[in-house]
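Asks: Got a predicted structure plus its sequence, pasted below:
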Protein chains: 2
Amino acid sequence: MINEGYKAMLGGKSVIRELSEYATRRGAEIGYENVFDFSLGNPSVPAPDDFTRTMVDLYEHGDPVAIHGYSPSLGIPSVCATIAELLNRRFGVPYEAHHIFPTTGAAGALSHAMRAVTKPGDEIITFAPYFPEYQPYVAGTGAKLTVVPADTANFQINFDAFEAALNANVQAVLINTPNNPSGAVYSAETLTRLSAILAAKQTEYGHDIFLISDEPYREIVFDGGEQPYPARFYSNTLTCYSFSKSLSLPGERIGYVAVNPRATDADLLVAMMGQISRGTGHNCPPSSIQLGVAKVIDETSDLSVYETNMNLLYDALTSLGFEVVRPGGTFYIFPKALESDATAFCLKAKEYDLILVPSDSFGVTGHFRMAYCVDTEKVKRSIPALERFVREQYGR
Amino acid sequence: MINEGYKAMLGGKSVIRELSEYATRRGAEIGYENVFDFSLGNPSVPAPDDFTRTMVDLYEHGDPVAIHGYSPSLGIPSVCATIAELLNRRFGVPYEAHHIFPTTGAAGALSHAMRAVTKPGDEIITFAPYFPEYQPYVAGTGAKLTVVPADTANFQINFDAFEAALNANVQAVLINTPNNPSGAVYSAETLTRLSAILAAKQTEYGHDIFLISDEPYREIVFDGGEQPYPARFYSNTLTCYSFSKSLSLPGERIGYVAVNPRATDADLLVAMMGQISRGTGHNCPPSSIQLGVAKVIDETSDLSVYETNMNLLYDALTSLGFEVVRPGGTFYIFPKALESDATAFCLKAKEYDLILVPSDSFGVTGHFRMAYCVDTEKVKRSIPALERFVREQYGR
Ligand SMILES: Cc1ncc(COP(=O)(O)O)c(C=O)c1O
Ligand SMILES: Cc1ncc(COP(=O)(O)O)c(C=O)c1O
């Protein structure tokens, strides 16, 4: 018999998807180049040429039975070793191949990490603003997601609210840095304080609390900065990574969980994720893509366009009088709306073919998100539209 | 805190995987060509050249942002349309694109199909012998798997046992044809009788009973035969398919669920599967592979070697006095062992470097499975080893 629970979920469509579908329809009417579509986090720059060349070479010269054969259920060993070596070299954490579990993107990584360290009924804490898909990810595990209110001054962590939310039922804390939607990069200070609180609470509650660190935007940091590596600050860290944004391969579904070798039961966790896979039909990411990504592990797409776009928008928004925290990375910006009802604000913007996402589904009111993974030329053309919108609707 | 349930599962490794790992270790000692490894169902023939050419063309001439971009959450529409058209043309079932849900292989297909039509606590019936991964697949949904004893005379369905097992809590019935491990192809007669029973029970219980039909071996049928298409026999059928074996792409993770347009709520089920995906981190299969497979939708690898191998083994086994049902398809054969303890039998065979899988994990005692997706030349060389084993151990 049809599962009524999933049937009921059909109403709850993603706001972002709906806006993006609207933008596509509107594009069919007036030309998509005239729709200032800032709805979706789909990379706008191509995968590196080296990746393309590597894949062509694999297809042309590799043994198809080997390239396309089943990946071992814990990932292709050489690929895991390459990723471990990279993380070790870049961040000085002594991963070995058996601490790396290749997954179908960050979504796959998060779903395994959460199941590995919680059971149904447990509580997972995350911080607003947060990626809305965390709701279905956590619901799928049977755990309960608690959202700590935002630090709207700078989108680091609201520690008072965090400490108030902590309780013995919390088995995992989920962070995302650089952050979707705010663009904030958690500082070393934030990570130090977070780690100290978690360490103290582990002792107080007498059980492990795992930090699940979602890092698909690790490579997109501005002003020549770097994202401090959360696992360096806290032993019980499961790092969830994706090549979706760094190599512009979101559709190919490739990422990993890296288990901190200092975590409790570090040597068991990847094998447990293999067991979790069997029950969700996850399986490993595509074998050829595992091999291809490992060959270009030190590269990224040309990500500089995102910084160019950020600066253009940040300057335009501030000069229009928006309150906005300057993003440290990602391809998102999260200004305060010009009225308290973010949905009303975004509806008005739509009249100017500006597709902005209201902040409510990110767990914050009165803001909006712009995803500026679009051509710089379009960003430039959107600025007069923004100006007209703000002048005509808000008299600025 | 670590999930103790998954930790406890670490003991329960797959017998097939263990044997395959043993074969690899033994190969390192004596040369893998000397190990008669019949353990694993990994295709031994390459993907079609046309697939390779199509992929090279995509990589060399396609727009990387489009090829590798996020697939819509219900699959790439043109790919779904191509699959629907193929099924319609081959089997005369009027699928439309929105009845097709692309998945990461048959594993992904089954995990969505099961969740769509059952809820935790429901019962799913399957038939011995069955693919052992059905246990974790079903356990992952929270439903309960009931295994109907085998019809060991011909590995069709033991209908008396099936009717005895049916009860109002059964919401889905899971079949696999052509069958792993028996090689049996369910006949039109079997499917007609199964469908009549299910239809009568739907009326009696006052609720739908879905047929989940697992068909990764649909294209591997011997003697010029065809697998009768289960969805033609029963409206409430969810067909689960994989390109793993037909195109020799098991590592690339590509398949689909096809929802019979005549099923209850047929027009909702694919959208529900999209919701299910969000909670398991499944996401769509890799975008480039979706596109590539759609371009060679009418092709298969050269599958003839499996029939050659089957005939060689069937003749050898029967002439050695084994009781064996001649496979109608797949690349498996499932003879009766020469003693009632299948594990003891397979342990003895190991001494002759014959890697056979005991039948117990398939839900049948006293049989063994040989996966003959290996070079024909190795099959030929294995026959003297088989003869020596049977003569020395069983005096035949
Ligand atoms: C914060 C965050 N986490 C996870 C994901 C999912 O990433 P992937 O598509 O690689 O699974 C996204 C995608 O946009 C994201 O923004
Ligand atoms: C009967 C059966 N169902 C499902 C599967 C899983 O198929 P896939 O690897 O395409 O997910 C297999 C794989 O061997 C199988 O034999």
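Replies: In hand now; what should we look at? Numbers count the residues shown, from 1 in each chain, chains lettered A, B, ... in the order given. Ligands and ions are numbered 1, 2, ... in the order given.

Asks: What residues does the closest residue to ligand 2 within chain A make contact with?
Replies: Using CB to the nearest ligand atom, the closest approach of chain A to ligand 2 is made by A:Asn283 at 6.4 Å. Backbone N, C-alpha and C define where each C-beta goes, glycine included. By CB atoms under 8 Å, 6 or more residues apart in numbering or on different chains, the contact list for A:Asn283 reads A:71, A:73, A:277, B:104-105, B:107-108, B:253.

Asks: Now do the closest residue to ligand 1 within chain A: how many residues are near it, please.
Replies: Closest residue of chain A to ligand 1, CB to the nearest ligand atom: A:Gly105 (2.7 Å). Neighbourhood size, A:Gly105 [other CB atoms under 10 Å in any protein chain shown]: 26.

Asks: so it sits right up against A:Pro250, yeah?
Replies: Yes: using CB atoms under 8 Å, A:Gly105 makes contact with A:Pro250 at a distance of 7.1 Å.

Asks: Common neighbours of these two, please.
Replies: Common neighbours of A:Gly105 and A:Pro250 are listed as A:242, A:244 (criterion: CB under 8 Å, 6+ apart).

Asks: check which helix or strand covers the residue of chain A closest to ligand 2.
Replies: A:Asn283 is part of no helix or strand when elements are defined by DSSP states H and E.

Asks: For it, give its distance to A:Thr141.
Replies: Noted for A:Asn283: a distance of 18 Å to A:Thr141, by CB to CB, to the nearest Å.

Asks: same question, A:Lys380
Replies: Separation of A:Lys380 from A:Thr141 (CB to CB): 43 Å.

Asks: quick one: which of the two has more around it?
Replies: When neighbours are counted by other CB under 10 Å, A:Lys380 and A:Thr141 differ, and A:Thr141 comes out ahead with 28 against 13.

Asks: Quick check, pLDDT for the nearest residue to the more buried one once chain neighbours are set aside.
Replies: Spatial nearest neighbour of A:Thr141, excluding adjacent residues (CB to CB, 6 or more residues apart in numbering or on different chains): A:Met114 at 4.9 Å. pLDDT, A:Met114: 98.

Asks: Assumed A:Met114 was part of a helix.
Replies: Yes: counting by DSSP: H, G, I helix; E, B strand; the rest coil, A:Met114 is part of a helix.

Asks: count of neighbours near it?
Replies: The burial count assigned to A:Met114 is 29, neighbours taken as other CB under 10 Å.

Asks: Excluding chain neighbours, give the residue nearest to the residue nearest in space to the middle of chain A in space.
Replies: Within chain A, one residue has its C-alpha closest to the average C-alpha position: by CA atoms, centre = their mean, that is A:Pro216, at 4.8 Å. Leaving aside its sequence neighbours, A:Pro216 sits nearest to A:Ser242 (CB to CB, 6+ apart; 4.0 Å).

Asks: so that neighbour sits right up against A:Gly255, yeah?
Replies: Yes: with contact defined as CB under 8 Å, A:Ser242 reaches A:Gly255; the gap is 3.6 Å.

Asks: Please enumerate the shared neighbours of the two.
Replies: Looking at what touches both A:Ser242 and A:Gly255 (by CB under 8 Å, 6+ apart), the common residues are A:105-106, A:109, A:216.

Asks: can I assume A:Asn179 is in contact with A:Thr126?
Replies: No: A:Asn179 is beyond contact range of A:Thr126, at 10.9 Å (criterion: CB under 8 Å).

Asks: which one of these two has more residues nearby?
Replies: The neighbour count for A:Asn179 versus A:Thr126, taken as other CB under 10 Å, is higher for A:Asn179 (26 against 22).

Asks: could you measure the more buried one against A:Gln227, distance?
Replies: Counting by CB to CB - A:Asn179 and A:Gln227 are separated by 10 Å.

Asks: next one: A:Thr104
Replies: Noted for A:Thr104: a distance of 23 Å to A:Gln227, by CB to CB.

Asks: and those two? which has more neighbours close in?
Replies: In this view A:Thr104 and A:Gln227 are compared by other CB under 10 Å, and A:Thr104 has more residues nearby, 30 against 21.

Asks: ok, for the more buried one, nearest residue in space, not its chain neighbours?
Replies: Here the residue nearest A:Thr104, using CB to CB, 6+ apart, is A:Arg253, at 3.9 Å.

Asks: residues from chain A in reach of ligand 1?
Replies: Selection of chain A residues close to ligand 1 by CB under 6 Å from any ligand atom yields A:41, A:105-107, A:131, A:176, A:180, A:214, A:216, A:242, A:244, A:250, A:255.

Asks: In helices only, show me those residues.
Replies: Among the residues of chain A next to ligand 1, the members found in helices (DSSP state H) are A:105-107.

Asks: Chain B: which of the residues you listed is nearest?
Replies: Ranked by distance to chain B (CB to the nearest CB), those are led by A:Ala107 at 4.5 Å.

Asks: got the contact list for that closest one?
Replies: Applying CB under 8 Å, 6+ apart, we find A:Ala107 in contact with A:133, A:137, A:242, B:281, B:283.

Asks: May I ask which of the residues you listed comes out lowest in pLDDT?
Replies: Lowest pLDDT of these: B:Asn283, 85.

Asks: Report the separation between it and A:Ile124.
Replies: Distance, B:Asn283 to A:Ile124, by CB to CB: 20 Å.

Asks: and the least confident helix or strand in chain A by mean pLDDT with chain B, contact?
Replies: When each helix and strand of chain A is scored by mean pLDDT, DSSP states H and E, helix A:4-8 comes last, with a mean of 88. Yes: legend: contact between helix A:4-8 and chain B by CB under 8 Å from any CB of the partner chain is shown at A:4-7.

Asks: Those also near ligand 2: which ones?
Replies: Of the residues of helix A:4-8 next to chain B, not one also sits near ligand 2 (CB under 6 Å from any ligand atom).

Asks: Can you lay out those as a markdown table showing distance to A:Arg53 and neighbour count?
Replies: What follows is the residues of helix A:4-8 next to chain B, written out as a markdown table (distance: CB to CB, whole Å; neighbours: other CB atoms under 10 Å in any protein chain shown):
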| residue | distance to A:Arg53 | neighbour count |
| --- | --- | --- |
| A:Glu4 | 50 | 10 |
| A:Gly5 | 46 | 14 |
| A:Tyr6 | 42 | 22 |
| A:Lys7 | 46 | 16 |
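
Asks: can you give me the helices in the stretch 251-396 of chain A?
Replies: With DSSP state H, counting those that start in this stretch as the criterion, the stretch 251-396 of chain A has helices at A:266-280, A:287-295, A:304-319, A:342-350, A:376-394.

Asks: Turn those into CSV, columns for distance to ligand 2 and mean pLDDT.
Replies: Formatted as CSV, the helices of the stretch 251-396 of chain A follow (distance: least, CB to the nearest ligand atom, whole Å; pLDDT from 0 to 100):
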stretch, distance to ligand 2, mean pLDDT
helix A:266-280, 11, 95
helix A:287-295, 11, 98
helix A:304-319, 36, 98
helix A:342-350, 41, 96
helix A:376-394, 41, 98
